[in-house]
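Student: quick one, fold the following:
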Amino acid sequence: MTSALPPGFKQLPIAVWSSVAVIATPLCVSILNGKPYFMLAYDPFISKWSQYWRFLIIQLQFQNQSEIALACVLIMMKLKGLERVLGSLKIFKIIILLYIYNLIAIFLISFTFYKVFEWDLFIPSGPFGILFGFYFAYNKFIPNIYVARLDFSNFANFRPFGETMCVDINDKFLGYLGFLLLLIDEGIPSFILCSIGYFMGYLYFHELLPFTDSSLNFIDPLYHKLTKEQTSIPIVNSSNVTNNGSSLSTGARDANTNTNARSNPNQPITGDVDEEYEEDDDYDREGGSREDTPARTLGQQVFDTFNR
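Tutor: You can find the predicted model right below:
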């Protein structure tokens, strides 16, 4: 499996829905003047008015534009790779589980801070915990595409770290920067929520939580119905199979013939030759070689990363 992602959101429905929800939900809430409903502090909303429903909606939308922009950048540029690694259905279940676990943790933290430490903790609105729940998986499952080493050892008058000063930067650097900005965006409250989310993600991907995605298998039919996903794809077209089912289609038979022929160079090749091999033969006849292809520069690699 190549580390390059398909352009845009091709075959990544959860990334599409998440990006649309991050942008559309705050827009609708703002139009309906519903932002005051997404404010949460134990006093007075819980202790005086008993508005526990605020815990259910506090993770549904961000309140300011900077958080929306950061969340969209993280989803579109970085976290969408997790959907390709883990699968769309599994990612959908993980989002639901992280929402539930973060909801329970936010309630317990808010209650503890107010009752024990007499600190009325303000809970910022937004899926901080859900995004940081995937931060651990992002580091674990997404490989580095490139690593750039910045060597500052030639600076004669500036050597605070000794004779050699090298800084390694990989393609995850922008992702780390986005997570850092989201971590400090709301100060201490956002730091607490992001830490809770990362802890929940760590526990989930180490299988230390009581409920996992297998507990949500009842939503599989609904997901397949909404996404219109095919449960199986036939390898051979039934129209090309004979009545007794013993013969393969013409395309499959030609593919097997070409494969056997390539494995035995003394055997003449019959049938159609794949377009890929024709291009390779033309390339070799012109005197070229794959080794002559110039390597991509660092700037080109960074540009390709932004184009994904």
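
Student: in the stretch 1-150 of the chain, which spans are helices?
Tutor: Taking DSSP state H, counting those that start in this stretch as the test, the helices found in the stretch 1-150 of the chain are 13-31, 53-57, 65-73, 80-86, 88-115, 128-133, 135-141.

Student: which of these sits most buried?
Tutor: helix 128-133 (a mean of 27; mean count of other CB atoms under 10 Å). All C-beta atoms are positioned from the backbone trio N, CA, C, and that covers glycine.

Student: low-confidence ranges in the chain?
Tutor: Residues of the chain meeting the criterion pLDDT under 70: 1-10, 152-164, 229-308.

Student: distance of the closest residue to Leu121 other than its chain neighbours relative to Lys48?
Tutor: What sits nearest to Leu121 in space, not counting adjacent residues and going by CB to CB, 6 or more residues apart in numbering, is Phe113, at 4.5 Å. Using CB to CB, to the nearest Å, Phe113 is found at 17 Å from Lys48.

Student: could the helices of the stretch 1-150 of the chain be laid out in a markdown table, adding distance to Leu181?
Tutor: Output for the helices of the stretch 1-150 of the chain, formatted as a markdown table (distance: least, CB to CB, whole Å):
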| stretch | distance to Leu181 |
| --- | --- |
| helix 13-31 | 15 |
| helix 53-57 | 24 |
| helix 65-73 | 6 |
| helix 80-86 | 19 |
| helix 88-115 | 20 |
| helix 128-133 | 12 |
| helix 135-141 | 13 |
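
Student: closest one to Pro221 among the ones you listed?
Tutor: helix 88-115 (11.0 Å; CB to CB).

Student: tell me the angle the closest one makes with helix 13-31.
Tutor: Taking axes from the mean of the first three to the mean of the last three CA atoms, to 10 degrees, one finds helix 88-115 and helix 13-31 inclined to each other by 40 degrees.

Student: summarise which helices and strands helix 88-115 is packed against.
Tutor: helix 13-31, helix 53-57, helix 80-86, helix 128-133, helix 188-205, helix 220-227 (3 or more CB pairs under 8 Å, 6 or more residues apart in numbering; DSSP states H and E).
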